[in-house]
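Participant: Sharing a model prediction with you, sequence too.
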Amino acid sequence: MAHKGGDDRIRALAGSGLQALLFAIFAAFLMVLLALLQRASGAYFAEFSATEAQEAGHYVTGLLFADYARAHFPPLFAFIETFFLHYPRVALGLNPPLYYLLEGAWFLAVSPSTPAALVLPCLMAAILVMSAGFLTARRLGPLPGVAVCAVLLALTPLRAAILVVSLDMPAALLAFLASLAFWRFLETGSRGSAAGFGLLASAAMLTDFGMIALILVPPLGVLIGGRLSLVRRVGFYLPYALMLVLAGPWIIGTYPLVAGHFAGGWGLGFVRVSAPFYGTALTAGLTALILALAGFGALSALLANWRDGAARTSLFAALAALAGAVLIGCLTVPLAPDARHLLPAVVPLVMLAAYGGMRLIGLLTTGWPILSGLVVSTVMLLAALPGLLAPLLKPPVGMLPAARAILERGAAAPLILVAADEKGEGALIAAIAQNDSGRTAFVMPARRLLAAEPVPGGDAEATARATAGILGDNAVAFVVLDTAPAAAAVPQTGQVRAALEGAPEDFNLIGTYPRADGTGEVRLYAVTQDAARPADPARLRHLLAPKTGG
C-alpha cells in the first residue's frame, strides 16, 4: 500500500510538472504573438507618451531607479531632485514605487530601449491571458478556455495596454493573482491563502493607488461565495493587517500629493460623473453581449453558492468579487476617469462571461458538454470580433529624431525648451532621457518657464522680443516646437511660436520632423545667442519648485 501511495505521488508530481511545462510553452507562444502585435501597431518606433501622457513618467521613473543603483545608492531625495531637474517627469509620489523598482532592475540588466521597456507589459499580459484560459479550461472545458484567451487578445483594453508602459497591466496581473488566493481562502478557509491574498493585494496597492479597491474583495467574496461564516475567522482579517502594515504607510504618506491631482471630491458628485463614463467605456471595451453574459455568470455563482455551496463555483465567486471591487473603485475613487482603469476587471469579466454562457445553456439542455462549449466559444468570439477589427496604432510624433539631433551636437549641459501639449512634452523628455547616457541635458516645458516668468500682453512684436529675452536669460540652447493642433491650443506654445517668428535672427532652424499622423510637425531650433552657455541648475530648481511631483 505504501508503494502504491508513493507511485500516486510521483504520478501527481509528474502531472503537475507537465501542466507547468505546457503553461510555460503556451505563455511563451502568447508572448511572441503579443510582441508581434506591439510591432505591428508601431509601438517599437513611437515615442513614450505618443498616445498616453502618463507613459513618459512611468518610463523615466524606471530609469531613475536604474541610475540610482548604478550610482551605488546615494542619498535618495537629493538624487531624485537632481534627476527631476534634468527630466521633469518623475512620477514617484504620485504613484507607488513597486513597478518602478521592477522596471529599474530590468533596465540594469538590459538596454532601456523601447522594445526592452515593452517586454514587461508583454510578459505580464501573456501570463494573465494564459492563466485565465488555463483556469477556465479546467473548470469549464478546453473550448471555453481557448475562447477566453482569444477574446482577451481580441478586445481593445488588453491590446491597448501592451502598447504602453503603464501601471495598469502589472496592477491587473497582481489583482488577478490576489483573487486566486482569495478563491483558495473561500474553499479552505486557511490562513495561508488569506495571507497570500493580503500580500498580493498589498503589492497591487504598491503598484497603483486605484488598487485600494481590493479591500472590498473579502466582503464581496464571502457574500457571493455564500461563506459568511468565514467572517468569524481570524483569516478573514489577516489580509487587512498585512495591507495596513505593507501598503498603508505609503498610501497614507503620499495621500495629500495624490489627492491634489484628484478629478473631484469623494462622494455622489464624482459618482454622477464617473458612472456614465465607465458604463460607456465598459460597453465599448467588452461589448454589451459579453457584459450581459458576465452579469449572468456572477448571478449564477451567487445563486449556486447560496443554494448548495458548490466548491466548483468558488472561483467564479472570487472573480465576481474582484470585478465588483474594481468597478466600485472606478466609480468612487476620484481619480480622473480613464478607460484604462478598468483593465483589472476585464479578465474576471470575460471568465464570468464564459461561465455565464455555460450556465445559460445548462438551463436549456443537459449533457453535450463539447457542443455547449462550442456554442459558448462561438458566441463570445463573434461578440469580440468588432474589437479585433478596430486597429490600434501608436504613431511617432517627431520628438525622438529631434532629441537625437540635439544630443548629436554635443552641447555642454544644454537647456532644451519644449513647447507642446502634455503628450509632446512627455515624448521629448522621455526621448532625451533614453538617449542622454551622460545625463547632462536639461528639459524645460514652456508651460512652466513662461508661467514662472510671464510676459505682459499688448504689442505682439514687443511680446515676442520679451519672450526671446526670457529664453536668453535662462540659457535656453534649443527650442522644440510642436505644431500639432493639440499643442497649438496651449497658450505658451503660441507665445514661443510668436517669439520664433518675431525674432528670427535669434533662432536657427536645425530641422523639421513630421508627425506620422499628418497633423503637424516638430521643429527644432538652436538659440543663436549664448547657445553654448550651460544651464543653471539653481535657476531650474527655482522654476520647477512649484510642481516637483512631475
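Facilitator: It's in. Please read these numbers as outputs of a predicted model, since none were measured by experiment. Numbering: from 1, shown residues only.
Participant: Just the helices from the stretch 101-250 of the chain, written as ranges.
Facilitator: For the stretch 101-250 of the chain, applying DSSP state H, counting those that start in this stretch gives helices covering 114-140, 142-154, 156-161, 168-188, 191-205, 217-224, 234-246, 248-259.
Participant: Let me know which of those helices is the nearest to Gly398.
Facilitator: Comparison of the helices of the stretch 101-250 of the chain against Gly398 by CB to CB identifies helix 114-140 as nearest, at 15.2 Å. C-beta here means a position set from N, CA and C on the backbone, and glycine is covered the same way.
Participant: hang on, the earlier thing: could you dump the helices of the stretch 101-250 of the chain to JSON lines with distance to Leu352?
Facilitator: Converted to JSON lines, those look like this (distance: least, CB to CB, whole Å):
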{"stretch": "helix 114-140", "distance to Leu352": "10"}
{"stretch": "helix 142-154", "distance to Leu352": "10"}
{"stretch": "helix 156-161", "distance to Leu352": "15"}
{"stretch": "helix 168-188", "distance to Leu352": "12"}
{"stretch": "helix 191-205", "distance to Leu352": "19"}
{"stretch": "helix 217-224", "distance to Leu352": "11"}
{"stretch": "helix 234-246", "distance to Leu352": "22"}
{"stretch": "helix 248-259", "distance to Leu352": "29"}
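Participant: between those helices, which gets nearest to Leu268?
Facilitator: Nearest of the helices of the stretch 101-250 of the chain (CB to CB): helix 248-259, 18.0 Å.
Participant: Report the inter-axis angle for that closest one versus helix 234-246.
Facilitator: Interaxial angle of helix 248-259 relative to helix 234-246 (axes from the mean of the first three to the mean of the last three CA atoms, to 10 degrees): 60 degrees.
Participant: Tell me where the stretch 401-550 of the chain is predicted with low confidence.
Facilitator: Across the stretch 401-550 of the chain, the ranges flagged by pLDDT under 70 are 452-460, 529-533, 536, 538, 542-543, 545-550.
Participant: repeat that with 90
Facilitator: Residue ranges of the stretch 401-550 of the chain with pLDDT under 90: 409-414, 437-438, 447-476, 491-492, 494-496, 498-507, 517-518, 527-550.
Participant: Okay, helices next: where are they in it?
Facilitator: Here the stretch 401-550 of the chain has its helices, by DSSP H, counting those that start in this stretch, at 422-435, 446-452, 460-473, 485-488, 491-502, 537-544.
Participant: Could you single out the most deeply buried of those helices?
Facilitator: Stretch with highest mean neighbour count among the helices of the stretch 401-550 of the chain: helix 422-435 (a mean of 27; mean count of other CB atoms under 10 Å).
Participant: Put the alpha carbons of that one into CSV.
Facilitator: Written as CSV, here are the backbone C-alpha positions of helix 422-435 (Å, rounded to 0.1, in the frame of the first residue of the first chain):
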residue,chain,number,x,y,z
GLU,A,422,1.4,67.3,-22.2
LYS,A,423,1.9,64.3,-24.5
GLY,A,424,4.5,66.1,-26.6
GLU,A,425,6.4,67.3,-23.5
GLY,A,426,6.5,63.8,-22.2
ALA,A,427,7.6,62.4,-25.5
LEU,A,428,10.6,64.7,-25.7
ILE,A,429,11.5,64.3,-22.0
ALA,A,430,11.5,60.5,-22.3
ALA,A,431,13.4,60.6,-25.6
ILE,A,432,16.1,62.8,-24.2
ALA,A,433,16.3,60.6,-21.0
GLN,A,434,16.5,57.4,-23.2
ASN,A,435,19.4,58.7,-25.3
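Participant: Please list all residues in contact with Pro337.
Facilitator: Pro337 is in contact with 263, 273-274, 277-278, 330, counting by CB atoms under 8 Å, 6 or more residues apart in numbering.
Participant: how about 10 Å then?
Facilitator: 263-264, 270, 273-278, 281, 330-331 (CB atoms under 10 Å, 6 or more residues apart in numbering).
Participant: Measure how buried Phe346 is and give me the count.
Facilitator: Slight slip there: residue 346 is Val, not Phe. By other CB atoms under 10 Å, the residues close to Val346 number 27.
Participant: Distance of it relative to Val90?
Facilitator: Per CB to CB, to the nearest Å, Val346 is found 29 Å from Val90.
Participant: Same check on Phe262?
Facilitator: For Phe262 relative to Val90 (CB to CB), the value is 20 Å.
Participant: With distance to Met380 added, can I get the helices of the stretch 401-550 of the chain in TSV?
Facilitator: Below are the helices of the stretch 401-550 of the chain laid out as TSV (distance: least, CB to CB, whole Å):
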stretch	distance to Met380
helix 422-435	35
helix 446-452	46
helix 460-473	57
helix 485-488	37
helix 491-502	46
helix 537-544	50
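Participant: Tell me which of those lies nearest to Phe65.
Facilitator: Between Phe65 and these, the shortest gap by CB to CB is with helix 422-435, which sits at 12.7 Å.
Participant: Point out the one among the helices of the stretch 401-550 of the chain that comes closest to Pro391.
Facilitator: helix 422-435 (19.6 Å).
Participant: one step back: of all the helices of the stretch 101-250 of the chain, which lies closest to Leu85?
Facilitator: helix 248-259 (18.7 Å).
Participant: Correct me if wrong, but Thr51 is in a strand.
Facilitator: No - assessed with DSSP: H, G, I helix; E, B strand; the rest coil, Thr51 is coil; it does not lie in a strand.
Participant: Next one, pLDDT for it please.
Facilitator: Per-residue confidence (pLDDT) for Thr51: 93.
Participant: cool, Ala20 as well?
Facilitator: Value for Ala20, per-residue pLDDT: 78.
Participant: Give me the three-state assignment for it.
Facilitator: Ala20 ends up helix, using three-state DSSP.
Participant: returning to what we had before: in helices only, show me the contacts of Pro337.
Facilitator: If you go by DSSP state H, these have 270, 273-278, 281, 330-331 in helices.
Participant: By neighbour count, which of those residues wins?
Facilitator: Cys330 (24 neighbours).
Participant: gap between that one and Leu85?
Facilitator: For Cys330, the distance to Leu85 - CB to CB - is 35 Å.
Participant: In contact with the residue nearest to Ala488 when sequence neighbours are not counted, which residues?
Facilitator: Spatial nearest neighbour of Ala488, chain neighbours left out: Gly494 (6.5 Å); criterion: CB to CB, 6 or more residues apart in numbering. Taking CB under 10 Å, 6+ apart as the criterion, Gly494 is in contact with 419, 446, 487-488.
Participant: Helix or strand with the lowest mean pLDDT in the protein?
Facilitator: Lowest mean confidence among the helices and strands of the chain (mean pLDDT, DSSP states H and E): helix 537-544, at a mean of 70.
Participant: Buried residues of stretch 75-94, list them for me.
Facilitator: Neighbour-count burial for stretch 75-94, with 16 or more other CB atoms under 10 Å as criterion, is recorded at 79-81, 83-94.
Participant: and if you look at stretch 119-139?
Facilitator: For stretch 119-139, the neighbour count (16+ other CB under 10 Å) marks 120-137, 139 as buried.
Participant: next one: stretch 28-39
Facilitator: 30-31, 34-35, 37-38.
Participant: Columns distance to Ala203 on top of the contacts of Gly494, output as TSV?
Facilitator: Listed next are the contacts of Gly494 as TSV, based on distance: CB to CB, whole Å:
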residue	distance to Ala203
Ala419	40
Ala446	39
Ala487	38
Ala488	42
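Participant: Taking the residues you listed, tell me the two that lie furthest apart.
Facilitator: Farthest-apart pair in the contacts of Gly494 is Ala446 and Ala488; separation 12.4 Å (CB to CB).
Participant: where do the contact lists of the two overlap?
Facilitator: Joint contacts of Ala446 and Ala488 (CB under 10 Å, 6+ apart) are 419-420, 481, 494, 497.
Participant: Rebuild the residues you listed as JSON lines, extending it with distance to Thr114.
Facilitator: Output for these, formatted as JSON lines (distance: CB to CB, whole Å):
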{"residue": "Ala419", "distance to Thr114": "24"}
{"residue": "Ala420", "distance to Thr114": "19"}
{"residue": "Leu481", "distance to Thr114": "24"}
{"residue": "Gly494", "distance to Thr114": "31"}
{"residue": "Arg497", "distance to Thr114": "29"}
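Participant: Appreciated, that's everything.
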